[in-house]
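Asker: Sharing a model that was predicted from the sequence below.
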Amino acid sequence: MNVETQKNLKPGEARCPGPSTRDIIIGDGANVPEVLVTESYEFLGDEDIPYDRYISEEFFQQEFDKLWPRVWQWACRVEHIPEVGDNYVYDVGPYSILIVRHGESAEDIKAYHNSCLHRGTQLKPSASAGNSPKLRCPFHGWEWNLDGTVSEIPCRWDFPKVTDEDFALPEVKVGLWGGFVFINMDADAMPLEDYLEVFPQHFAHWPLEERAIAVHVQKMLPANWKMVQEAFAEAYHVLETHSQALKTAGDANAQYDVFGERTSRFIHTVGTPSPHLDERPSEAEIVGLMRGGGDDVEVPEGETARSVVSDQLRQNLGETHSIDLSGWSPSELMDSIQYHLFPNTYMHAGVTLPLIYRFRPNGMDVHSAIFDILVLRPLKPGETAPDAPEPVMLGEEDSYTTVDGLDPGLAVVYDQDTRNLGMQQRGIRASMGKKGETLGNYQEIRIRRIHKTLDQYLNA
Ligand code: FES
Ligand SMILES: [Fe+2]
């Protein structure tokens, strides 16, 4: 689409000139899952998004009242609680949920509000994980069985009104998908399968339950949880923020899809240059850069940087993980194929970028967020996931380059992304005239979708 033809388009119809992501993926000539070449975009308006949504205490409180208690959110992975008696505490703002494995079978997982029915003490500390045969309050020793039934109440003669029936631990809904344990505090919530929209169908190609946590990094960031999340919703910022990637990754021609109220996707291609470059690098130069330098690369006639690099990845990653990647297309092996699940999660489809992101308010601070990254490696055939590793905790000033096991190139990218956030949060507060953010109709559509769905919860 050239600039002239774009003049007559309606808002949202314009696209970056040059080959689209879909053109590139089809151009690979490989068998690609149908879901990767489907497009789903709809113009959703172009009003500015009010800055208040990121800085107002009142808005933040509304999210705690109307959003967080009613959405499905993943709390942990199944491998965090493999043994009977294992427990894990998931916190979001004022809420604290205690997840417990109470039996051997895969389904035997329950979740409770982490609050004693005597005088409210947390049964397990925030952000803790452990194993115990009973759930015993550390204050006066009221105790429950793993299935939530009353086990023991010291001096029960003093509590004639306490019945086993009324004092079973109130349950929080649990759903399992993709190796994740989801919770929902709303007893009337829709089933998780419905909430997930396209996830089950699309991820059938890339089963996340057949993966295990290789690395878990958690970083505190000085910005609202939505602002942090939105920094990962688009590739528009690559030009300015990650300019080192311009020769080896598409950006302005990334594809954005919104599948429903709660799910969206971007695909940005790797092994192709940015449309911003005036001069296209040679295929050999792209391969050289992707291998970390060296100009002695030759790309055989009829091959492309994407075919050469994906062949290599297919072999190397296949050997590393002892899995057969012969059926995987270049796109699945190389591209950033990233799905969003409302309200706070991204899941990547590929094996090169096997990443899960989650964003939460940090306690009750509207200007602070917790950003979790999980690197999920594929399980070897017949392997069960080992126990989940402890998260590596990073403070605001700490660099991702200090994290063992995180790809060094990716660590630099995360440092670049997260450096912007404090400046954006402070800049929004400093804005005197302009009261909202102005979004691109196409490249920033996922951000607008998140806010529209958030409104549906807040106005319900
Ligand atoms: S507050 Fe839990 S036993 Fe008293
Ligand atoms: Fe980025």
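Answerer: That came through fine. Ligands and ions are numbered 1, 2, ... in the order given.

Asker: Pop the domain breakdown of the chain in here.
Answerer: Here the domain parsing of the chain from automatic domain parsing is 3-55+209-459, 73-194.

Asker: Endpoints of the shortest one, how far apart?
Answerer: Meaning domain 73-194. 14 Å (CA to CA, to the nearest Å).

Asker: and that domain, anywhere near ligand 1?
Answerer: Yes - Domain 73-194 lies within reach of ligand 1 by CB under 6 Å from any ligand atom, at Cys116, His118, Arg119, Thr121, Cys137, Phe139, His140, Gly141, Trp142. The C-beta positions use only the backbone N, C-alpha and C, and glycine is treated the same way.

Asker: For Pro94, see how far away the first one is.
Answerer: Using CB to CB, to the nearest Å, we find Cys116 at a distance of 16 Å from Pro94.

Asker: Quick check: the gap between the nearest residue to Glu57 once chain neighbours are set aside and ligand 1.
Answerer: Spatially, and ignoring its direct neighbours in sequence, Glu57 is nearest to Val366 (5.7 Å; CB to CB, 6 or more residues apart in numbering). Separation of Val366 from ligand 1 (CB to the nearest ligand atom, to the nearest Å) stands at 30 Å.

Asker: And the helix or strand harbouring Val366, how far out from the chain middle?
Answerer: According to DSSP states H and E, Val366 maps onto strand 365-378. Using CA atoms, centre = their mean, to the nearest Å, the mean C-alpha position of strand 365-378 is found 8 Å from that of the whole chain.

Asker: For that strand, which residues meet the burial criterion?
Answerer: Across strand 365-378, burial judged by 16 or more other CB atoms under 10 Å covers 366-378.

Asker: tell me, what residue is most central in the protein?
Answerer: Centroid check for the chain by CA atoms, centre = their mean gives Tyr346 as the closest residue, at 2.4 Å.

Asker: Put the alpha carbons of the helix or strand in which that one is found into PDB.
Answerer: In this assignment (DSSP H and E), Tyr346 forms part of strand 345-348. Provided in PDB are the C-alpha atoms of strand 345-348 (Å, rounded to 0.1, in the frame of the first residue of the first chain):
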ATOM      1  CA  THR A 345      -0.900 -11.600  30.600                       C
ATOM      2  CA  TYR A 346       1.100 -12.200  27.400                       C
ATOM      3  CA  MET A 347       1.900 -15.600  26.200                       C
ATOM      4  CA  HIS A 348       4.300 -16.200  23.300                       C
END
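
Asker: Neighbour count for Cys116 and Pro94, which is higher?
Answerer: More crowded of Cys116 and Pro94, by other CB atoms under 10 Å: Cys116, with 21 against 12.

Asker: Isn't that one up against Lys124?
Answerer: No - look at Cys116 against Lys124 with CB atoms under 8 Å: they stay out of range, at 10.5 Å.

Asker: ok now stretch 296-305, how far from the chain's centre?
Answerer: With CA atoms, centre = their mean, you get 35 Å for stretch 296-305.

Asker: From the opening residue of it to its closing one, how far?
Answerer: End-to-end distance of stretch 296-305: 14 Å, with CA to CA as the criterion.

Asker: Stretch 297-309 too?
Answerer: Taking CA to CA, stretch 297-309 runs 11 Å from one end to the other.

Asker: before we move on, what about stretch 234-251?
Answerer: Start to finish, the residues bounding stretch 234-251 are 9 Å apart (CA to CA).

Asker: Which residues does that stretch contact?
Answerer: Residues outside stretch 234-251 that contact it (CB atoms under 8 Å, 6 or more residues apart in numbering): 21, 24, 231, 252, 254, 256, 266, 268-277, 281, 285-286, 289-290, 336, 412-413, 416-417, 420, 440, 443-444, 446-447.

Asker: filter the residues you listed to the buried ones?
Answerer: Applying 16+ other CB under 10 Å to the contacts of stretch 234-251, the neighbour count classes 21, 24, 231, 252, 254, 256, 266, 268-275, 281, 285-286, 289-290, 336, 413, 416-417, 420, 440, 443-444, 446-447 as buried.

Asker: Can you classify the residue lying farthest from the centre of the chain by secondary structure?
Answerer: Distance from the C-alpha centroid of the chain peaks at Trp157, with 49.4 Å (CA atoms, centre = their mean). Assigned with DSSP: H, G, I helix; E, B strand; the rest coil, Trp157 falls in the helix class.

Asker: any idea how far it lies from ligand 1?
Answerer: Distance, Trp157 to ligand 1, using CB to the nearest ligand atom: 16 Å.

Asker: what's near enough to touch Ala349?
Answerer: Counting by CB under 8 Å, 6+ apart, Ala349 makes contact with His202, Phe203, His205, Trp206, Glu332, Ile337, Gln338, Tyr339.

Asker: The fourth one: how many residues sit nearby?
Answerer: Trp206 has 22 neighbours, counted by other CB under 10 Å.

Asker: Tell me who's in contact with it.
Answerer: Taking CB under 8 Å, 6+ apart as the criterion, Trp206 is in contact with Glu332, Ala349, Gly350.

Asker: What is the neighbour count of the last one?
Answerer: Number of residues near Gly350 (other CB under 10 Å) recorded here: 20.

Asker: Contacts only, for Met220.
Answerer: Residues in contact with Met220 (CB under 8 Å, 6+ apart) are Asn362, Ser368, Ala369, Ile370, Phe371, Leu394, Gly395, Glu396.
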